[in-house]
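[1] Quick one: sequence plus predicted model below, questions after.
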Amino acid sequence: MRFIARAIENLLLSASRGFPAVVLTGPRRAGKTTLLRHLFPRAQYVLLEDPDVQARVRSDPRSLLDSLTPPVLFDEIQKVPELLPYVRSRIDQHPRQMGRWFFTGSQESALMQGVTESMAGRAAIAQLLPFSVAETDRVTLFMGGFPEVLARPKSRELWFTSYIQTYLERDVRDITNVRDLATFRRFLALLASRHGQILNRTDLAAPLGVSVPTVSDWLHVLEITGQVILVPPYFENFGRRLVKSPRVYLGDPGLACNLLGIRSNAELERSPFLGSLFEGFVASEILKSQVNQGRRKELYHFRDQQGLEVDFLFPTADGRVQLVECKAARTLHPSMAAPMLSLRRSMPRQAQARLAVVSRASFSGPPITTLAPGVEAFDLPRFSQTLVVPAKRARA
């Protein structure tokens, strides 16, 4: 597959001009190394998963750094975070030299701790997620956005099976002392079956025969490795009593389909999980747009104890609040906007809200753009484009 430009490129190029170091985190196999090597082809590449390189770092880190001529790209820095203080000393010797040190990492929490302690003020931090619909039309609800799946769609099922096994044996073992990986694998499948639901840790723990604290620990592992999305409740109640638990989604829809045993687009169309899978697909697109622009992840759901639900709320770049209802159906009706209209009536008058119903693309007929007064209608590709802030291409 030819190289496909990533929406985060401008952010990374700008960071390389303003910081001595750039740290790129994200799920394993999201394309971090490929992107940095494309943007910064002069950077010398060092794979820190190589046992020989790890031994050199631990025995004589100064000699390793002496053998390298910046710019340097260290891949999977979480494997040897003890290297960071030595890189910091090199940065402090030449604080005006920008874009000299690049790092990738697949475990955000452990990596961030090392960066916070060793590289504060010296490193820009960004996150790369799998491809979005706005980046390539190869991304679909069934395929997801991992680059290697899009490059070899016929190997999709084998790739996801191998990915899960590799993830279990490398990332999970690195982070936590999970003794029974088979049970953790069952936990992943069970979590997929709760895709889009309000998180209930007790409901997850009971079928597995594990404790609620264990489930919380496992969810933490999935979250810091970029495999799940936890969408918290909106923080303003507008005079209503709210449900205060988050919703949980698998981060990549293709991975979610695999864990649910969905093996074809035809099976997906018949699946009872179609609606929740599409909802998670929309959530991932919103978060991708935010991190690609260097913004905080801010995505919420709304549900009160009287049963009023709105799928997603998030702040827009122009200071408004965007309300979104997700519909897997290809035919839209004005009644689909009713929950958002009801919530908007409860919001303060000064609140600037935008309302949108997002659906799957229709195969025939012109797209609907207005569903009700004040309510826009988009298919997901068009909605994804509205989330992108145009920017001129920066130079490395």
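    It's in. Numbering: from 1, shown residues only.
[2] so where do the strands sit in the stretch 151-300 of the chain?
    228-231, 247-250, 300-303 (DSSP state E, counting those that start in this stretch).
[3] Report the rounded mean pLDDT for the second one.
    Summarised as a single mean, pLDDT over strand 247-250 is 96.
[4] Dump the C-alpha coordinates for that strand into PDB.
    Output for strand 247-250, consisting of C-alpha atoms alone and laid out as PDB, is shown next (Å, rounded to 0.1, in the frame of the first residue of the first chain):
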ATOM      1  CA  ARG A 247     -19.900   4.100  28.200                       C
ATOM      2  CA  VAL A 248     -17.300   1.700  26.900                       C
ATOM      3  CA  TYR A 249     -16.300   1.000  23.300                       C
ATOM      4  CA  LEU A 250     -13.500  -0.900  21.600                       C
END
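[5] Just give me how far stretch 271-279 sits from the chain centre.
    On the basis of Cα atoms, centre = their mean, to the nearest Å, stretch 271-279 sits 19 Å off its chain's mean C-alpha point.
[6] Show me what counts as buried in that stretch.
    Along stretch 271-279, the positions that meet the burial threshold by neighbour count (16 or more other Cβ atoms under 10 Å) are Ser271, Phe273, Leu274, Ser276, Leu277, Phe278, Glu279. Backbone N, C-alpha and C define where each C-beta goes, glycine included.
[7] Pipe the strands of the stretch 151-300 of the chain into JSON lines and attach mean neighbour count and distance to Gly261 per row.
    Listed next are the strands of the stretch 151-300 of the chain as JSON lines, based on neighbours: other Cβ atoms under 10 Å; distance: least, Cβ to Cβ, whole Å:
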{"stretch": "strand 228-231", "mean neighbour count": "22", "distance to Gly261": "19"}
{"stretch": "strand 247-250", "mean neighbour count": "26", "distance to Gly261": "14"}
{"stretch": "strand 300-303", "mean neighbour count": "21", "distance to Gly261": "26"}
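[8] Could you provide the buried residues of stretch 271-279 in JSON lines, with additional columns for distance to Arg382 and pLDDT?
    As requested, the buried residues of stretch 271-279 are exported to JSON lines (distance: Cβ to Cβ, whole Å; pLDDT from 0 to 100):
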{"residue": "Ser271", "distance to Arg382": "24", "pLDDT": "97"}
{"residue": "Phe273", "distance to Arg382": "24", "pLDDT": "97"}
{"residue": "Leu274", "distance to Arg382": "20", "pLDDT": "97"}
{"residue": "Ser276", "distance to Arg382": "22", "pLDDT": "97"}
{"residue": "Leu277", "distance to Arg382": "20", "pLDDT": "98"}
{"residue": "Phe278", "distance to Arg382": "15", "pLDDT": "98"}
{"residue": "Glu279", "distance to Arg382": "17", "pLDDT": "98"}
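[9] Phe160: which of the residues you listed is nearest?
    Within those, proximity to Phe160 (Cβ to Cβ) peaks at Leu277, which comes in at 14.4 Å.
[10] Show the contacting residues for that closest one.
    Leu141, His195, Gly196, Pro253, Ala256, Cys257, Leu260, Leu268, Ser271, Ala328 (Cβ atoms under 8 Å, 6 or more residues apart in numbering).
[11] Please identify which of the residues you listed is nearest to Ile286.
    Pro253 (13.4 Å).
[12] Could you check how far the residue nearest to the closest one when sequence neighbours are not counted is from Gly196?
    If the residues on either side of it in the chain are set aside, Pro253 comes closest to Phe281, at 4.6 Å by Cβ to Cβ, 6 or more residues apart in numbering. As for Phe281, its distance to Gly196 is 10 Å (criterion: Cβ to Cβ, to the nearest Å).
[13] Please identify which of the two sits among more neighbours.
    Per other Cβ atoms under 10 Å, whichever of Phe281 and Gly196 has more neighbours is Phe281, with 26 against 21.
[14] Could you report the pLDDT at Phe40?
    So Phe40 comes in at 98 (pLDDT).
[15] same question, Phe238
    Looking at Phe238, its pLDDT is 66.
[16] got it, and Val388?
    For Val388, pLDDT reads 79.
[17] Can I take it that it is in a strand?
    No. Secondary structure of Val388, determined by DSSP: H, G, I helix; E, B strand; the rest coil: coil, with no strand assignment.
[18] contacting residues for the closest residue to it other than its chain neighbours?
    Excluding the flanking residues, the one nearest Val388 by Cβ to Cβ, 6+ apart is Ala134, at 5.3 Å. Contact criterion Cβ under 8 Å, 6+ apart gives Ala7, Glu285, Lys288, Ser289, Pro381, Ser384, Gln385, Leu387, Val388 as the residues in contact with Ala134.
[19] And Arg42, by the same measure?
    Arg42 neighbours (Cβ under 8 Å, 6+ apart): Pro71.
[20] how many other residues sit next to His220?
    When neighbours are counted by other Cβ under 10 Å, His220 registers 15.
[21] Between the buried residues of stretch 271-279, which sits nearest Glu148?
    Ranked by distance to Glu148 (Cβ to Cβ), the buried residues of stretch 271-279 are led by Leu277 at 20.7 Å.
[22] For Gln78, give me phi and psi.
    Taking degrees, to the nearest 10, you get phi -60, psi -20 for the backbone angles of Gln78.
[23] was I right about it contacting Ser106?
    Yes. Assessed by Cβ atoms under 8 Å, Gln78 is found in contact with Ser106 at 6.7 Å.
[24] Just want the most central residue of the protein.
    The centroid of the chain falls nearest to Leu129 when counting by Cα atoms, centre = their mean (4.7 Å).
[25] For it, which non-adjacent residue is spatially closest?
    Nearest in space to Leu129, with sequence neighbours left out and distances taken as Cβ to Cβ, 6+ apart, is Lys288 at 4.9 Å.
[26] residue contacts, that neighbour?
    Lys288 makes contact with Ala7, Leu129, Pro130, Ser132, Ala134, according to Cβ under 8 Å, 6+ apart.
[27] Quick one: residues contacting the first one.
    Shown here is Ala7, whose contacts under the criterion Cβ under 8 Å, 6+ apart are Ser132, Ala134, Glu135, Lys288, Ser289, Asn292, Gln293, Val388.
[28] Let me see the confidence value for the fifth one.
    When you say that, I think you mean Ser289. On the pLDDT scale, Ser289 gets 96.
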